[in-house]
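Sequence and predicted model, in that order:
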Amino acid sequence: MPEDRLAKVKVRDIDQLIIENPSVIDENSSLIDLLREIIKDTRSRHVYVVNKKNKLIGSVRLNNTIQYMFPATSLLQERENLQISSFMLYSSAKTVKDIMTTNPSYVFEDTLLLEMIRIMIREKVNELPVVDKQHQVIGEVNFLEVIDYYLKNIDL
């Protein structure tokens, strides 16, 4: 089972697979700047939001940008979960902090891979930022890297 083989592996053990310089943007940046940032790196579906001290404070998923760009369509599409407040939020948003998700999940380099996978499953994401002790984004780990690591280290 993959769990057995990955039980003692830490994020730093797959550091050659960590994406360096992931997309990061200041919380006060415009939404146009956010759109430019999100298309710079097609490996990721997140842009990580930082404050003036470069500390991770939020994230914006590709889905959030779609809702920002097409708020009325998003509202109609999700009739079952009709949320007028979401429509108002996205239609009036001006800066990144207006649409970011606060308190994003993250991992450290010494986080166990299985804990990282648990976070990904719980949060329904395929990538997570890797932060240092000051919570500055130093990389991103994507589940595709976990698969790659697993394939390179199993005995076939």
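That came in fine, so what should we check first?

Now do the helices in the protein.
Taking DSSP state H as the criterion, the chain contains helices spanning 2-6, 31-40, 62-69, 71-77, 84-92, 96-99, 113-123, 143-153.

any idea how far Glu140 lies from Ile154?
According to CB to CB, to the nearest Å, Glu140 and Ile154 sit 24 Å apart. C-betas here are computed from N, CA, C, even on glycine.

Could you list the low-pLDDT ranges of the protein?
Counting by pLDDT under 70, the chain contains low-confidence residues at 1-2, 15-16, 71-93, 155-156.

Let's check: the centremost residue of it is which one?
With distances taken as CA atoms, centre = their mean, His46 lies nearest the centre of the chain, 4.2 Å away.

coming back round to it: comparing Glu140 and Ile154, which shows the higher neighbour count?
Neighbours per residue (other CB atoms under 10 Å) separate Glu140 from Ile154, with Glu140 holding more: 24 against 9.

The closest residue to that one other than its chain neighbours: how many residues sit nearby?
Nearest non-adjacent residue to Glu140, counting by CB to CB, 6 or more residues apart in numbering: Pro22, 3.8 Å away. By the measure other CB under 10 Å, the count of residues near Pro22 is 22.

Wait, Pro22 touches Asp41, no?
Yes: at 7.0 Å, Pro22 and Asp41 qualify as touching, with contact defined as CB atoms under 8 Å.

what sits against Ile14?
When the contact criterion is CB atoms under 8 Å, 6 or more residues apart in numbering, the partners of Ile14 are 113, 141, 145-146, 149.
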